[in-house]
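Novice: Dropping the sequence and predicted coords here.
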Amino acid sequence: MESDLVWLLLGLPLAFMLGWGASRIDLRQLRAENRSVPKAYFKGLNFLLNEQQDQAIDAFIEAVQNDPDTSELHFALGNLFRRRGEYDRAVRVHEHLLSRGDLAKKDRERAQHALALDFLKAGLLDRAEDALAKLEGTPFEGQARLALLAIYERSRDWSRATAIAQKMHHAGQGDFSTRQAHYLCEQAQERVGGNDLEGARTLLEQARTLALQAPRPHIDLAHLHQRMGQPRSALSSLQTLIAAAPAALPLAATLLVETARASGQTAEVLDRLQEHYAAAPSLDVLDAIVALTAESNAPAAQGRLWYLRHLEAEPSLVAAAKWMVGERLEHEQYHPLVQRALDHATQPLTRYRCAACGFEARQHFWQCPGCQTWDSYPARRVEEL
């Protein structure tokens, strides 16, 4: 019993010494690690917060060299290269990550997405398409499909864009029925260019069925019927437009006047236009009313009175300029000068403006040429916004 107590008393100091030595070794190792990767990493982070990207890249490269197995440092470095426009270096970083056999599935999918973004930013659309296709079934699937959709739209590959839009629609990633209707309308335009008018009509009728509330199929179909010498069918399409998407009528007001004249229904169409203007005043609808009023038995000045009524409701330089066209000034010799000045001043006011990016154009676009957004142009002119 006494010998056991002696051994216990001798063992306690020994155990204490061994524990103390082990702790010293762990502390040295921890200090050594803190002197390598974290120091360079936090140095790079500090440069990044101060918007010193060149110094941040140098610091992250140093950190990666000290610990090449750290995937987060690779991601940070690749993102910095992409932001600086050094897409080839960003691609090399992310391809190096994908070549590692020990990379976790989550990090591999993330690296694949980052690589696809590198190719997209570099404009390498074919390589970006291949990289995005590999993201099917991953958490990045939705983003990849949207990027593929943008690629197919940019290359005007409407059939493949339709396939992607259908996938996203059925997967509950949004309502893409209107977008698909646009694709059918774009294909119809190509058919019209090839003089396949019947094929174009079939596509436009499909687009109208797919998205009844979308105004473009109704308007494009009316244009096509007018071209085919079928004014009554064109007028029917526009009447459907008024019922389904009345806010878009200003875009078809001129066409409505033409179909009314060709089909001999100017009185009926004039009534519809006046009803629409009373509910939602518009410069284009106003012009259509004036044009049809001038063809009726009413005095010529009665049509121009509509511009005065519009001015009573709201100030409009465009309406004032159009009213002055048929008026006589006290000093008649100065009328052309005043009219020219008004017409020049109203030109910017008659443009259309994209609600997404602010890009202005003389004509209405279904897809903005600036930001590629669909249906971003309101049906009203700049002065009416």
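Specialist: Thanks, I have the structure now.
Novice: where does the stretch 151-300 of the chain have low pLDDT?
Specialist: Scanning the stretch 151-300 of the chain for pLDDT under 70 picks out 296-300.
Novice: Let me see the confidence value for the residue lying closest to Glu109 once chain neighbours are set aside.
Specialist: Spatially, and ignoring its direct neighbours in sequence, Glu109 is nearest to Thr138 (4.5 Å; CB to CB, 6 or more residues apart in numbering). (Each C-beta comes from the backbone N, C-alpha and C, glycine too.) On pLDDT, Thr138 comes in at 90.
Novice: May I have the residues that are in contact with Thr138?
Specialist: Glu109, Gln112, His113, Ala144 (CB atoms under 8 Å, 6 or more residues apart in numbering).
Novice: what's the helix or strand for it?
Specialist: Thr138 belongs to no helix or strand when elements are defined using DSSP states H and E.
Novice: gap between it and Asp118?
Specialist: 17 Å (CB to CB, to the nearest Å).
Novice: Can you tell me the element Arg309 falls in?
Specialist: helix 300-313.
Novice: Give me the angle between the next helix or strand after that helix and helix 300-313.
Specialist: Using DSSP H and E, the next helix or strand after helix 300-313 towards the C-terminus is helix 317-324. Here the directions of helix 317-324 and helix 300-313 differ by 160 degrees (axes from the mean of the first three to the mean of the last three CA atoms, to 10 degrees).
Novice: So which elements touch helix 317-324?
Specialist: Using 3 or more CB pairs under 8 Å, 6 or more residues apart in numbering; DSSP states H and E as the contact criterion, the elements in contact with helix 317-324 are helix 283-295, helix 300-313, helix 335-346.
Novice: Mean neighbour count, those: which tops it?
Specialist: Of all those, helix 283-295 has the most neighbours on average by mean count of other CB atoms under 10 Å, namely a mean of 21.
Novice: helices and strands around that one, which ones?
Specialist: Going by 3+ CB pairs under 8 Å, 6+ apart, helix 283-295 lies up against helix 253-263, helix 266-279, helix 300-313, helix 317-324.
Novice: Could you export the ones you listed as TSV, including distance to Leu342?
Specialist: Supplementary listing: these in TSV, determined by distance: least, CB to CB, whole Å:
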stretch	distance to Leu342
helix 253-263	21
helix 266-279	23
helix 300-313	12
helix 317-324	4
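Novice: which one of these lies closest to Gly85?
Specialist: Nearest to Gly85 among the helices and strands packed on helix 283-295 is helix 317-324 (43.8 Å), distances taken as CB to CB.
Novice: got the angle for the closest one vs helix 283-295?
Specialist: Counting by the same axes, to 10 degrees, helix 317-324 lies at 10 degrees to helix 283-295.
Novice: and helix 317-324, how far out from the chain's middle?
Specialist: Computed by CA atoms, centre = their mean, to the nearest Å, the chain-centroid distance of helix 317-324 equals 35 Å.
Novice: Helices of the stretch 51-200 of the chain, start to end?
Specialist: Assigned by DSSP state H, counting those that start in this stretch, the helices in the stretch 51-200 of the chain fall at 53-66, 71-83, 87-99, 105-122, 125-133, 141-154, 158-170, 177-193, 197-210.
Novice: Need those in JSON lines (columns: mean neighbour count and distance to Phe359).
Specialist: Putting the helices of the stretch 51-200 of the chain into JSON lines (neighbours: other CB atoms under 10 Å; distance: least, CB to CB, whole Å) gives the following:
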{"stretch": "helix 53-66", "mean neighbour count": "18", "distance to Phe359": "30"}
{"stretch": "helix 71-83", "mean neighbour count": "20", "distance to Phe359": "25"}
{"stretch": "helix 87-99", "mean neighbour count": "18", "distance to Phe359": "26"}
{"stretch": "helix 105-122", "mean neighbour count": "19", "distance to Phe359": "22"}
{"stretch": "helix 125-133", "mean neighbour count": "18", "distance to Phe359": "23"}
{"stretch": "helix 141-154", "mean neighbour count": "18", "distance to Phe359": "16"}
{"stretch": "helix 158-170", "mean neighbour count": "17", "distance to Phe359": "22"}
{"stretch": "helix 177-193", "mean neighbour count": "20", "distance to Phe359": "18"}
{"stretch": "helix 197-210", "mean neighbour count": "19", "distance to Phe359": "25"}
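Novice: May I see those organised as TSV, with distance to Phe365 added?
Specialist: Shown next, in TSV, are the helices of the stretch 51-200 of the chain (distance: least, CB to CB, whole Å):
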stretch	distance to Phe365
helix 53-66	37
helix 71-83	30
helix 87-99	30
helix 105-122	24
helix 125-133	22
helix 141-154	13
helix 158-170	17
helix 177-193	11
helix 197-210	17
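Novice: Now do the same contact list for Ala224.
Specialist: Not quite, residue 224 is Leu, not Ala. Leu224 touches Ala188, Val192, Leu197, Ala200, Arg201, Leu204, Ala234, counting by CB under 8 Å, 6+ apart.
Novice: isn't Met139 right next to Glu109, touching?
Specialist: Careful, residue 139 is Pro; it's not Met. Yes. The pair Pro139 and Glu109 qualifies as a contact (CB atoms under 8 Å) at a distance of 6.7 Å.
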